[in-house]
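S.K.: kindly return the folded structure for what I paste below:
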Amino acid sequence: MKAIRPALSRRRFLRAGLGAGLITAGTLNWPQISAFADDFQDFILGPAVDDIPADRLSEHVWMIYSKDGFPTPENRGMMANITFAVTAQGVVILDPGGSLQIGEMALRQIRKITDQPVIAVFNTHYHGDHWLANHAFVNEYGPELPIYAHPVSKREIEGIQGNLWRRLMEQWTNQATAGTRIFPPNREVEHGAEFDFGDVTLRIHHYGVAHTPGDICIEVVEDQLTHVGDVAMDRRIANMDDGSYVGTFHFMDQLEVHTDTRIWVPGHGHAGPDVLDWNRELFAGIYENCLQAVEEMKSMEEARELVLADPRVAGKAADTLGFESNIGKYVSLAYLEAEREAF
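M.R.: Just a heads-up that it's a prediction; the model follows:
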């Protein structure tokens, strides 16, 4: 069957279900509907994603930059950077993106640079804007393509986070990512692991909970470059619902001690030498004020006022994506963590 573009709405899907005999005698046959939905999903595809040329960051590493920090129907879910290394043995993907269509776009850009095959994919953590495009690479290179992640991330993608993120991306993009299927990592990778791809060595770093409990950062040793995923961002506040401010400070400190890095590559924002410094300063302005408020028995609202008055935070407000709509949430998370740390 030929794929349908654009994606069908839920209402049209239910009408299709009526025709398939899934709703009979006023009763919803949910097991059959679920099975039908899984099959139907394979033939309903959201629109293609516009090409974004890859920029060269170093001798071996390229990045497809996302100017947006959040998924919308207009950007079709393209909200996270896609990074890849061209090695003597083939192409290695460092976070493939957030949908089948985004992954297909990435493949088009890679082919403009090299005709070498993709030989490995790394997923830095379990948030779907970074790994749902595994689908495109499995389609192209088969299910045996090595896809690596930390054991925590692998388990979460295989469990609740996989379906949650697929549905969220469809919801946020008005189904522009429809057709994307879940292909979890099929390899586990731990801190200290090294991969030799001939002229490129990748070294894995994990120092506990930061953005999530399962973050890995990937050092491209020869290029003095480290892909940090969402442990640090540029001009965006990292989602800390699953993370820790204190853990992030520790993780960043360890990266600076244990890597010889001149280029930090974030999952969101521009790569450069100052990514960790920018993110650390913002987080310190948020967390340290919350900790002070807790120690002085001040309320969360008073903590928020301290945060917003801090020049480390105020000076970044204008050019930080989603600042106004998210700063309250991040203050509340920092305040709750400060309470745990203080008591």
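S.K.: buried residues in stretch 164-180, which are they?
M.R.: 165-166, 168-170, 172-180 (16 or more other Cβ atoms under 10 Å). C-betas here are computed from N, CA, C, even on glycine.
S.K.: now do stretch 263-279
M.R.: 263-272, 275-276, 278-279.
S.K.: in CSV: those residues, plus secondary structure.
M.R.: Putting the buried residues of stretch 263-279 into CSV (DSSP: H, G, I helix; E, B strand; the rest coil) gives the following:
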residue, secondary structure
Ile263, strand
Trp264, strand
Val265, strand
Pro266, strand
Gly267, coil
His268, coil
Gly269, coil
His270, coil
Ala271, coil
Gly272, strand
Val275, helix
Leu276, helix
Trp278, helix
Asn279, helix
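S.K.: which of those lies closest to Tyr335?
M.R.: Asn279 (19.2 Å; Cβ to Cβ).
S.K.: for Phe323, see how far away Leu291 is.
M.R.: To Phe323, Leu291 is 21 Å away according to Cβ to Cβ, to the nearest Å.
S.K.: lowest confidence element among the helices and strands of the chain?
M.R.: helix 10-19 (a mean of 44; mean pLDDT, DSSP states H and E).
S.K.: re the thing from before, closest to Gly128 among the buried residues of stretch 164-180?
M.R.: Out of the buried residues of stretch 164-180, the member with the shortest distance to Gly128 (by Cβ to Cβ) is Trp165, at 2.6 Å.
S.K.: need the contact list for that closest one.
M.R.: Residues in contact with Trp165 (Cβ atoms under 8 Å, 6 or more residues apart in numbering) are 126-129, 132.
S.K.: return a ChimeraX selection command for the buried portion of those.
M.R.: Filtering the contacts of Trp165 down to the buried ones (16+ other Cβ under 10 Å) takes a single ChimeraX command:
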select :126,127,128,129,132
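S.K.: just the contacts of Trp165 now: which is nearest Phe195?
M.R.: Of all the contacts of Trp165, Phe195 sits closest to Tyr126, with 20.7 Å by Cβ to Cβ.
S.K.: specify the local secondary structure of that closest one.
M.R.: Under three-state DSSP, the three-state class of Tyr126 is coil.
S.K.: pLDDT score for it?
M.R.: Looking at Tyr126, its pLDDT reads 98.
S.K.: please apply the same query to Glu301.
M.R.: 96.
S.K.: doesn't it fall inside a helix?
M.R.: Yes. Under three-state DSSP, Glu301 sits within a helix.
S.K.: what about it, distance to Asn289?
M.R.: From Glu301 across to Asn289, the span is 12 Å (Cβ to Cβ).
S.K.: so for the two, which sits in the more crowded spot?
M.R.: Asn289 (26 against 12; other Cβ atoms under 10 Å).
S.K.: could I get the pLDDT score of the more buried one?
M.R.: Looking at Asn289, the pLDDT reads 98.
S.K.: tell me the secondary structure for it?
M.R.: Following three-state DSSP, the label given to Asn289 is helix.
S.K.: test my guess that it contacts Val307.
M.R.: Yes. Contact criterion Cβ atoms under 8 Å: Asn289 and Val307 qualify, at 4.7 Å.
S.K.: tell me the contacts of Gly77?
M.R.: Contact partners of Gly77, counting by Cβ under 8 Å, 6+ apart, are 49, 71, 98-99, 101-102, 129, 169, 172-173, 176-177.
S.K.: so which of Leu291 and Phe323 has more stuff around it?
M.R.: Shown here are Leu291 and Phe323; by other Cβ under 10 Å, Leu291 has more neighbours (20 against 17).
S.K.: which non-adjacent residue is nearest that one?
M.R.: Ala338 (4.2 Å; Cβ to Cβ, 6 or more residues apart in numbering).
S.K.: helices of the protein, residue ranges please.
M.R.: Along the chain, counting by DSSP state H, helices occupy 10-19, 30-41, 100-113, 134-141, 151-158, 160-172, 245-258, 275-295, 300-309, 311-314, 323-342.
S.K.: ok so, going back, quick one: which two of the buried residues of stretch 263-279 are the most distant?
M.R.: Ile263 and His268 (15.7 Å).
S.K.: least confident of the helices of the chain, on average?
M.R.: The stretch with the lowest mean pLDDT among these is helix 10-19, at a mean of 44.
S.K.: so the residue nearest to Leu291 sits right up against Asn289, yeah?
M.R.: No. Contact criterion Cβ under 8 Å: Ala338 and Asn289 do not qualify, at 9.1 Å.
S.K.: what residues are up against the nearest residue to Phe197 once chain neighbours are set aside?
M.R.: Closest residue to Phe197 apart from its sequence neighbours, by Cβ to Cβ, 6+ apart: Thr87 at 3.7 Å. With contacts defined as Cβ under 8 Å, 6+ apart, Thr87 is in contact with 60, 119, 197-200.
S.K.: apply 7 Å and report the result again.
M.R.: Thr87 makes contacts with 60, 197-200, as judged by Cβ atoms under 7 Å, 6 or more residues apart in numbering.
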